[in-house]
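Q: Build me a structure from this.
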Amino acid sequence: MKRRHTSAVVLLLLVLGLPFLASWEAAVADDASAGSDSPVDARAETAETHAAAGPTDLESRIDGFFGNFLVKPLGRVLFFDFGTENWLNPRSLPEVKCPECGSKFVVAETWPDRPVPGKVECPKCHDCEIRTTKGTQVPLVVLWLLLGAIFFTVRMGFINVRGFWHGIRLTRGHYDNPDETGEVSHFQALASALSATIGLGNIAGVAIAVGVGGPGAIFWMIVAGILGMSSKFAECSLSQMYREVDHDGTVSGGPMHYLHAGLKEIRVFGISLGPFGAVLAVLFALVCMGGSFGGGCAFQVSQSLGAVREHITSIDPDAWILQHRRIDWVYGLIMAVLVGLVIIGGIRRIAVTAEKIVPLMCTIYVLTAVYILAVNYDRIPWAFQTILTEAFKWHSAYGGFLGVLVTGIRRAAFSNEAGIGSAAIAHAAARTEEPIREGIVASLGPFIDTVVICTMTGLVIVITGAFDNPAYAQLIADKDGAALTAKAFESTVSWFSWILCIAVVLFAYSTMISWSYYGERCWSHLVGRRMSLVYKVAFLIFVMLGAVVTANNILEFADLMILSMAFPNILGVALMSGKIRRALDDYWRRYKAGEMVPRSRTHGR
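A: Now for the predicted structure:
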C-alpha cells in the first residue's frame, strides 16, 4: 500500500473512531443508568424518549472541540451577514438569551420600561450585553449562491428558460445513443442527482421558510429555483467536458476534475491558473467528503429516525424498542445494511435504485399534497393571492420584503444545491458525447426539486393555515419544520402523517445513496480508486453514527461542509464560463439547424 494511502486510511480511522467510541460509551452508560435524568438531545427534536440518553463526558468533550474550533469559525465565515442583522429591518425579540451564561429572559417582564434599548446588560452574570432586537440576516453563502445563479442565467442567455422543453425531451430519451461513452442514461443521471437533493429540505426546510418568512417566501423560493437551473447547467456541462474515463468504462467527473484541469487552460497576465485550480480542487474534494458524512448521511439518518420514533411513540410510548435507545441501534443497523447493498455496486446500482425510488417517492408525496389541495380547493385562489401579496410586502410581522426574500432564497439554495457542485459528479457519468446536452438535462433538477416539490409543500402549509396557527407557534419558534408539515398533513386526514413518515424515510435513504457516490468520487480523486472500498465502509459507519451519536456540533460541522463547497465551485465555474458559453452557442446552432435528429425519427417510430 502506498504511503499516502496508508496515511489517509489511518487519518480516516482516527476521525471515525472518536465519535464512535463516544457513542458506544453513551449506550453503555444508558444501559447502566436507564432511570437517570440527562440532557435532551439537541438533534432529535421530536424524540422525547431520547431525552434520557444525553451525551457522555467523552462525547461532550469531542463535541465541544468541534463546536469551539470548527463549527463556530466556519459558521462565522459562511453566515457572515455584513452586519445586516443589526440594521436591516430590526424587530424586537420577545425572549432573549445571554451568550455568556446561557440564561433566558422574557423582555417585557425583565425590562418593563419602554422602549427597551437595542443592547442591555445581562441581569444575571453582568459580563456581557444582550441584543433585544434582531434584523434580517443576509449570509455570505446565500449571497454567493444567489449572485452566482444570476450571473450564470445572464451569461448563458437564459438557458434555463429556452432550453426547458429540450431538456424534457432529452430526459425522455429522444436523443439517447447507447453507443456513446458513459455509465448511465440521462434519466438515470438526473434521478441520481435528484435523489440527493429531494430530501428533508423539501419537507422541513420549506415549512421553516413559510413559518418564519411567511407565505411570500414561497414566491422567492420559486424564483431562486428557476435561477438555480442555470447554475446546474453550467457546472454539469463542465463536469462532462473534463470527466475521466478509465479503461473499464468507469467514469469520474465533477468539480474536483474541472477545477484542476479546466483552470490550467486559463492564463491571467501570462500566469497559468493551474496551481490555483489544483488548490480549489483539493479543497472541494475535502469539504465534499465532509458533507457526505454529515448532511448527506448522519443528518439524514438522525432526522428520519426522529420521525419514525415519534410515530412509534404515538402508538405505544412504552414500546420495548423505545427503551434503552434500542431503536437507535436497530434503525441505524437496518439503514446501514440497506445503504450498503446499493453503494457497493457503484453508480450503476445507485442509478438503477434511484430511477425507481425517486419517481415513487415524488409521486407519493405529490399525490398526497394534491389531495389536500383538492379538498381545500376553495382556498387555492386565496393562497396564491396571499403568496404574491406577502412576497412584495415591505412592512410585515416577518421583517419586511427583504426578510421574506432572503428566507425564500436561502431555503431554495439549501434544498436544490444549485451551485454546490454535488450534482455535477452524478451527471458526469451520463452516457453522451455532448456536454451541453447533459447540462440542459441537469437544469431540470432545481425545477423539479424547488418549483414543484417545495411549492407543493408550501401550498399545503399555507392552505391548511399551519403557518399562522397559534397552536403551532412553538414548532415555528423551534424551527421544527418536519413536525409543522406533519401537522399540516394531519389537519386533512389523520393518517396522512404516516405517508409523510414513509416519505421522510425514502427521502433520507435516497439522499444517502447518492451522497455516498459523491464522497467516494472525491475520496478516489485524492487517494486513488483502489481505496474506494475504505470510504464506503466509513460511510456505512457514519450511517450508524447518525442514529446513535447525540453530539450536535460534530454533525453540524459536517453539515456546514456542504455549504462550503459553493465557494471553490462557483468561483471556478465563473472563470470558465466563457468556454461553456461558446460550447452552448455551437450546440444550440446545430440543434436549431436540425443537425441533431431525435432517436425516434432515426428508428422510424
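Q: From here on, just use CA atoms for contacts and neighbour counts.
A: OK.
Q: where does the stretch 51-200 of the chain have low pLDDT?
A: For the stretch 51-200 of the chain, applying pLDDT under 70 flags the ranges 51-59, 62-63, 65-67, 69-71, 84-85, 87-91, 114-116, 135-136, 200.
Q: could you redo the last one with a cut-off of 50?
A: By pLDDT under 50, the low-scoring segments of the stretch 51-200 of the chain are 51-54.
Q: quick one, helices of it?
A: Ranges of helices in the stretch 51-200 of the chain, per DSSP state H, counting those that start in this stretch, are 57-66, 72-78, 84-87, 107-110, 140-155, 159-162, 164-171, 186-197, 200.
Q: Highest mean neighbour count out of these?
A: Sort these by mean neighbour count, taking mean count of other Cα atoms under 10 Å, and helix 186-197 sits at the top with a mean of 29.
Q: just the angle between that helix and helix 164-171, please?
A: 110 degrees (axes from the mean of the first three to the mean of the last three Cα atoms, to 10 degrees).
Q: residues touching the residue nearest to residue 150 when sequence neighbours are not counted, list them.
A: Spatial nearest neighbour of residue 150, chain neighbours left out: residue 227 (6.2 Å); criterion: Cα to Cα, 6 or more residues apart in numbering. If you count contacts by Cα atoms under 8 Å, 6 or more residues apart in numbering, residue 227 has them with 149, 150, 153, 160.
Q: number of nearby residues for residue 287?
A: Neighbours of residue 287 under the rule other Cα atoms under 10 Å: 22.
Q: Can you name the element that comes right after the helix or strand residue 438 falls within?
A: With elements taken from DSSP states H and E, the one containing residue 438 is helix 435-442. As assigned by DSSP H and E, the chain's next helix or strand after helix 435-442 is helix 444-446.
Q: pLDDT of that following helix, averaged?
A: The average pLDDT within helix 444-446 is 90.
Q: hmm, who's touching that helix?
A: Residues contacting helix 444-446 (Cα under 8 Å, 6+ apart): 164, 167-168, 190, 193-194, 225-226, 228-229, 232, 416-418.
Q: And the furthest pair within those residues?
A: Greatest spatial distance among the contacts of helix 444-446 (Cα to Cα): 168 and 417, at 20.3 Å.
Q: re earlier: and the residue nearest to residue 150, how close does it get to residue 148?
A: From residue 227 across to residue 148, the span is 9 Å (Cα to Cα, to the nearest Å).
Q: Repeat that for residue 359.
A: Counting by Cα to Cα, the gap from residue 359 to residue 148 is 30 Å.
Q: Then residue 221?
A: Computed as Cα to Cα, the residue 221 to residue 148 distance reads 16 Å.
Q: repeat for residue 494
A: Per Cα to Cα, residue 494 is found 43 Å from residue 148.
Q: for residue 178, same thing?
A: Applying Cα to Cα, the value for residue 178 to residue 148 is 34 Å.
Q: hang on, the earlier thing: with distance to residue 257 as added columns, please give the helices of the stretch 51-200 of the chain in TSV.
A: Supplementary listing: the helices of the stretch 51-200 of the chain in TSV, determined by distance: least, Cα to Cα, whole Å:
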stretch	distance to residue 257
helix 57-66	30
helix 72-78	24
helix 84-87	36
helix 107-110	53
helix 140-155	20
helix 159-162	24
helix 164-171	25
helix 186-197	18
helix 200	29
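Q: Same list (the contacts of residue 227) but as TSV, adding distance to residue 388.
A: Listed next are the contacts of residue 227 as TSV, based on distance: Cα to Cα, whole Å:
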residue	distance to residue 388
149	22
150	21
153	23
160	22
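Q: CA atoms of stretch 93-101 as CSV?
A: Extracted in CSV, the C-alpha atoms of stretch 93-101 (Å, rounded to 0.1, in the frame of the first residue of the first chain):
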residue,chain,number,x,y,z
LEU,A,93,-37.5,40.0,20.4
PRO,A,94,-40.0,38.6,22.9
GLU,A,95,-37.3,36.5,24.6
VAL,A,96,-33.5,36.7,24.7
LYS,A,97,-30.6,34.5,25.8
CYS,A,98,-27.3,35.6,27.3
PRO,A,99,-24.5,34.2,25.1
GLU,A,100,-22.2,34.0,28.2
CYS,A,101,-24.2,32.3,30.9
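Q: Mind listing what's buried along it?
A: 96, 97, 98 (16 or more other Cα atoms under 10 Å).
Q: chain center to it, what's the gap?
A: Computed by Cα atoms, centre = their mean, to the nearest Å, the separation of stretch 93-101 from the middle of its chain amounts to 29 Å.
Q: who touches that stretch?
A: Contacts of stretch 93-101 (Cα under 8 Å, 6+ apart): 103-108, 122, 125, 127-134.
Q: The helix or strand hosting residue 300 - contacts with which helices or strands?
A: Assessed by DSSP H and E, residue 300 sits inside helix 299-315. In terms of contacts (3 or more Cα pairs under 8 Å, 6 or more residues apart in numbering; DSSP states H and E), helix 299-315 is packed against helix 326-343, helix 496-527, helix 532-548.
Q: what's the closest of the ones you listed to residue 440?
A: helix 496-527 (20.2 Å).
Q: what angle sits between the closest one and helix 532-548?
A: Orientation check (the same axes, to 10 degrees): helix 496-527 against helix 532-548 gives 150 degrees.
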